[in-house]
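Student: model the following, please.
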Amino acid sequence: MILAGIVPSSLIDYPEKVSAVIFTKGCNFRCPYCHNPELVVGKETSHISEIDFFDLLKKRTGLLDGVVISGGEPTLHSDLLHFVEKIKGMGFLIKIDTNGSKPEIIQTLLEKELVDYIAMDVKASPDQYVSTAGYNGSIEPIFQTIKLLEKSSVFHEFRTTVVPGFTDEEEIEKIGKMIEGSKKYFIQNFRPSNTLLNELSKQRGFSIAELEHFKEIALKYVLNVEIRN
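Tutor: Next comes the predicted model:
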């Protein structure tokens, strides 16, 4: 695993749990609003060795409930399964943050019971993945991962970062239909800083009223919709 960053303790990344957060290097998407561009492109970042990471976990045994593996895109790493198995063997819960482009990896994690929570970013409606996520591949893997999670008993959430100029009422409507019947959906407001596309660093986020309007639309399709601002 190429580990590019770590948060030793977080109260917000794993719902209702205290977790360490590890960030993997590399992503197959190019979301212009990404606030971790150093994990996607650009200058080489310093790496954290797996030895140092596992030493930290040993020291924090009893203080942490789990580990969040984020990115970048964790499912791109061929040694992810071994990495997760080792963490699980230490008694920690595992949460994976993913863009959903590798359903075969998600399926294996689920089948082997190696993951306790999955957060999937639904970047856009099918027609807008190219512009919103910089993704030119087939959209079918995205739908496959959505279906896998919806059928799974593992805790999961879908989430969308809403960005002025990229997200509107019609987009939320279409995304809602993609995940219709799901139990939990988070609408995340765009943060205008340190973005992959520099021009967006000056863009405003949505107002609370605008976010609440998006929430009303999404509630037609999803049982529980919350705003992360």
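
Student: CA atoms for contacts and neighbours, from now on please.
Tutor: Noted.

Student: so who does the most centrally placed residue in the chain touch?
Tutor: The residue lying closest to the centre of the chain (CA atoms, centre = their mean) is D97, at 3.5 Å. Taking CA atoms under 8 Å, 6 or more residues apart in numbering, we find D97 in contact with V68, I69, S70, G71, E73, P74, I118, A119, M120, D121.

Student: in three-state terms, label it for me.
Tutor: Secondary structure, DSSP: H, G, I helix; E, B strand; the rest coil: D97 is strand.

Student: confidence score at it?
Tutor: Per-residue pLDDT puts D97 at 98.

Student: so it bridges to which residues?
Tutor: For D97, the beta-bridge partners are A119 (DSSP bridges).

Student: try F155
Tutor: Beta-bridge pairing for F155 (DSSP bridges): Y117.

Student: which stretches in this structure count as helices?
Tutor: With DSSP state H, the ranges of helices along the chain come out as 50-59, 80-89, 103-111, 129-133, 140-151, 169-178, 208-218.

Student: using CSV, lay out those together with mean pLDDT and mean neighbour count.
Tutor: Below are these laid out as CSV (pLDDT from 0 to 100; neighbours: other CA atoms under 10 Å):
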stretch, mean pLDDT, mean neighbour count
helix 50-59, 95, 13
helix 80-89, 97, 16
helix 103-111, 98, 17
helix 129-133, 93, 18
helix 140-151, 97, 17
helix 169-178, 98, 18
helix 208-218, 98, 16
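
Student: I'd like these laid out as TSV, including distance to I227.
Tutor: What follows is the helices of the chain, written out as TSV (distance: least, CA to CA, whole Å):
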stretch	distance to I227
helix 50-59	31
helix 80-89	29
helix 103-111	26
helix 129-133	20
helix 140-151	20
helix 169-178	13
helix 208-218	7
